[in-house]
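Take this sequence and fold it.
(2 chains)
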Amino acid sequence: MIAIESALDPILGRHRRDPTALLQILRDTQEIFGWISPEVRAAVASALEIAPTRIDSLTRFYAHLYDAPRGKYRILFSDNITDRMAGSVALMELMLKKLKLERGKLSADGLVSVDFTSCTGMCDQGPALLVNNLPATRLTAWRIDEICGLIRARTPLDQWPEEFFRVEDHIRRADLLLGAAERPGEAIRAALALGAQGFLDELKKSNLRGRGGAGFPTALKWRSCRDAPGERRFVVCNADEGEPGTFKDRVLLQSFSQSLFEGMALAGLVTGAQKGFLYLRGEYSYLRAPLEATLQKMRRESLLGRNIAGAKNFDFDIEIHMGAGAYVCGEETALIESLEGKPGRPRIRPPFPVTHGYLGFPTVVNNVETLCNAAAIAVVGGDAYARRGTTRSTGTKILSVSGDCERPGLYEYPFGVTVAQVLEDCGAPDVGAVQIGGAAGNCLIPEEFGRRIAFEDQPTAGAFMVFANRRDPIEAARNFAHFFAHESCGFCTPCRVGTSLVAGMIDKIAAGHGAQYEFLDLKRLHDILRASSHCGLGQAAMLALGDMMQKFKPAFERRLITKDFEPDFDLDAALARARELAGRDDAAAHLGEDI
Amino acid sequence: MNAPSAPRKIRIATATLGGCFGCHMSLLDIDERLLALVEIAEFDRSPLTDIKHCGPGVDIGLIEGALCNAENVHVLREFRANCKFLVAVGACAINGGLPAQRNRFDVGDILKKVYSDAPDGRSRVPNDPELPLLLDKVYPIHDVVRVDYFIPGCPPSGDALWKFLTDLIGGRTPRLDYPQFHFD
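Predicted coordinates for the structure are as follows:
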């Protein structure tokens, strides 16, 4: 106990013994002890004077918190459809065979466990896996072999070849954001020259809309927060980039963090907030150290902290909060719950975060790309910015292109670019479908490739997954269905039960046991989930599937049986155990086919 | 003068698989409305009639209980083959209910445990062919046959059953009002 307490002390001190930092405290504690043991649980609860069940509510909610011992090496294969298309399933089987392991089970010597996790945001350089939360990209059978060797030799991670962990930016087309040279302080100084109201006017002229997918006007959001009553205000950057197929924020965080942090400071300038949070998804924890370094550098250069850039009363600083493996935390109110040290369950809106956000105070929540755009607008001006893109969708959009194409990576276009243009640029000649906006997005077929990327036509948060003609849409449908069943937070019944039913039915159809009955039931569930789920996760969970069922109907139908129903398990085999125990094999001890 | 012939009565069959008969008790809870029901309906196979097998041409089959053993499967298949509408009644038929509590154990271990009290301490699982064998797990009925309608509840109230039956017989998509499936 003494050992635990002495290790806990600095962690608790760092977080000011504040129960709202519980998630961060548990993450830091787990770094030391490997898991949240009953002893650690008791020590944290008593130090923070909270009920131990509050700790359980987090360890059970977040995939990256463990209430059972984990291996020295925790291998998690990214399970996006693009990883699968690149061969991840075979590579995982290879690793399990080499390590003589079962998926999800810790090896007997406590050395290693291997399992799947949701998309890790490395779709342009997959298949990928996380080893103790560190991403290893571009996996091959050879690389798996090397990794198994290092694990068996118990080589510490910091002695593994750096090459394994190289994460490329893959910027294929740059425009306003990705083409900008880094000029520290330029955006902040430009905005200060205009003044808070002056910059807000520029932002309004620019007509910038949120890049997280919903497209809410940024100037309106910031102004609403500024005008909402409250003693304190907060700025939150949503860097919980969990949408399968999306990885543009990862590159912005890796190579353009200065611009992002300046964008956050500008939100502080306009709203009067003095504190910002960067909510970084757990899978990107390898980015934390470089991000902290950028923050330190900005503090030294007086671009964060007190009297920023010499401006009196312009105080703003940024703290990084780590997520812990929960897709739903990308929803802004779930993210705020998580920031407050609670399970990330979406709140009921309204009230919206601009009036009642973090700790009930007015809060701006913006996507990484939105904030980078805000910084760019300070430099180029609202009018010049608004000349890019279309009338209703100004500026540029960064697309995360992955899947069956020659040049996967980031493509930044002015809004209004056609899907066909993107496909031509990324080198995708034989395309059967494009999944836009991630698993929660739309599935487009060649007849629709004239659609334009814009809020008024085909909106997207940035994912652009290309499927060649030879791909089976059922595989994508299954992957997405299991993703949502796994990530549903369990709060509302339509989503909790519905996503699991959907996954089960698609599996049944894929296995060749489904009938029209299941196909029709999927359509019924599509309507129920969309109409009655509590938050966007459930509402959008069947969007792609609905598109696929409509546009690739024969791909589903050809698997349907002509009978009106059959079970998806072998009834006679279900009697085998009882037969064995009773020592029977007579006719009545068997169940034949239904006739 | 030919008197207009009385319209054919609706045929209803009912059965309990792995259940507690609570749903059947609820059916009796429609009270004096039973008299209105038998004006327009007659019962085929049912614990109420003691008819042992479903005849052909049944309109509505009501199934209570989950699938626990081979005999349950035979009864369910007989209902599916003979009923126009097959209805899952109550929590066990819909989700496995209480009987499904055994699903986290191996059925072999359960049998060994239950039949281990012979004087010599040896386990003797009965092997009489008259006795239906247990399935490895308890299944809801829609895992094994197509089911047309579901009436939730443990048990559904007499009012819920009445509302459901009158809707179905009247050709209306059955709908239960919130108080009819809200149990807190």
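
May I see the buried residues of the helix or strand of chain B with the lowest mean pLDDT?
Averaged element by element with mean pLDDT, DSSP states H and E, chain B has its least confident helix or strand at helix B:178-181 (a mean of 81). Residues residue B:180 are the ones in helix B:178-181 that count as buried (16 or more other CB atoms under 10 Å in any protein chain shown). To be clear about C-beta, it is placed using only N, CA and C from the backbone, and glycine gets the same treatment.

now it, how far from the centre of its chain.
Its chain's C-alpha centre and that of helix B:178-181 lie 21 Å apart, by CA atoms, centre = their mean, to the nearest Å.

Which pLDDT value goes with residue A:594?
On the pLDDT scale, residue A:594 is placed at 70.

I figured residue B:43 hits residue B:13, correct?
Yes. Using CB atoms under 8 Å, residue B:43 is in contact with residue B:13, at 7.1 Å.

So which of the two has more stuff around it?
Neighbour totals were compared for residue B:43 and residue B:13, and residue B:13 leads with 24 against 18 (other CB atoms under 10 Å in any protein chain shown).

can you confirm the more buried one is in a helix?
No. Applying DSSP: H, G, I helix; E, B strand; the rest coil, one finds residue B:13 to be strand, outside a helix.

hey, what's it bridged with?
When bridges are called by DSSP bridges, residue B:13 pairs up with residue B:61.

how near is it to chain A?
According to CB to the nearest CB, to the nearest Å, residue B:13 stands 18 Å off from chain A.

Same check on residue B:66?
13 Å.

Now that residue, what are its backbone angles?
Dihedral pair for residue B:66: phi -100, psi 170, per degrees, to the nearest 10.

Quick check: which ranges of chain B have low pLDDT?
By pLDDT under 70, the weakly predicted segments of chain B are B:1-6, B:118, B:121-123, B:183-184.

for chain A, what are the nearby residues on it?
By CB under 8 Å from any CB of the partner chain, the residues of chain B that approach chain A are B:70, B:73, B:77, B:80-81, B:106-108, B:111-112, B:125-127, B:129, B:131-137, B:143-146.

Could you list which of those residues belong to helices?
Within the residues of chain B next to chain A, residues falling in helices by DSSP state H are B:70, B:73, B:77, B:80-81, B:107-108, B:111-112.

Which two of those have the greatest separation?
Between any two of those, the greatest separation by CB to CB is 35.7 Å, found for B:81 and B:112.

what about residue B:28, neighbour count?
For residue B:28, using other CB under 10 Å, the count is 11.

tell me the contacts of it?
B:34, B:158 (CB atoms under 8 Å, 6 or more residues apart in numbering or on different chains).

From residue B:37, how far off is it?
For residue B:28, the distance to residue B:37 (CB to CB, to the nearest Å) stands at 11 Å.

same thing with residue A:18?
From residue A:18 to residue B:37 the distance is 64 Å (CB to CB).

same thing with residue A:107?
Counting by CB to CB, the gap from residue A:107 to residue B:37 is 63 Å.

ok, now residue B:45?
17 Å.

Please point out which parts of whichever strand or helix holds residue A:189 sit buried.
Taking DSSP states H and E as the criterion, residue A:189 maps to helix A:186-194. Going by neighbour count (16+ other CB under 10 Å), the buried part of helix A:186-194 is A:186-192, A:194.

could I get the residues you listed as TSV with pLDDT?
Formatted as TSV, the buried residues of helix A:186-194 follow (pLDDT from 0 to 100):
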residue	pLDDT
A:186	95
A:187	96
A:188	97
A:189	96
A:190	96
A:191	97
A:192	96
A:194	96
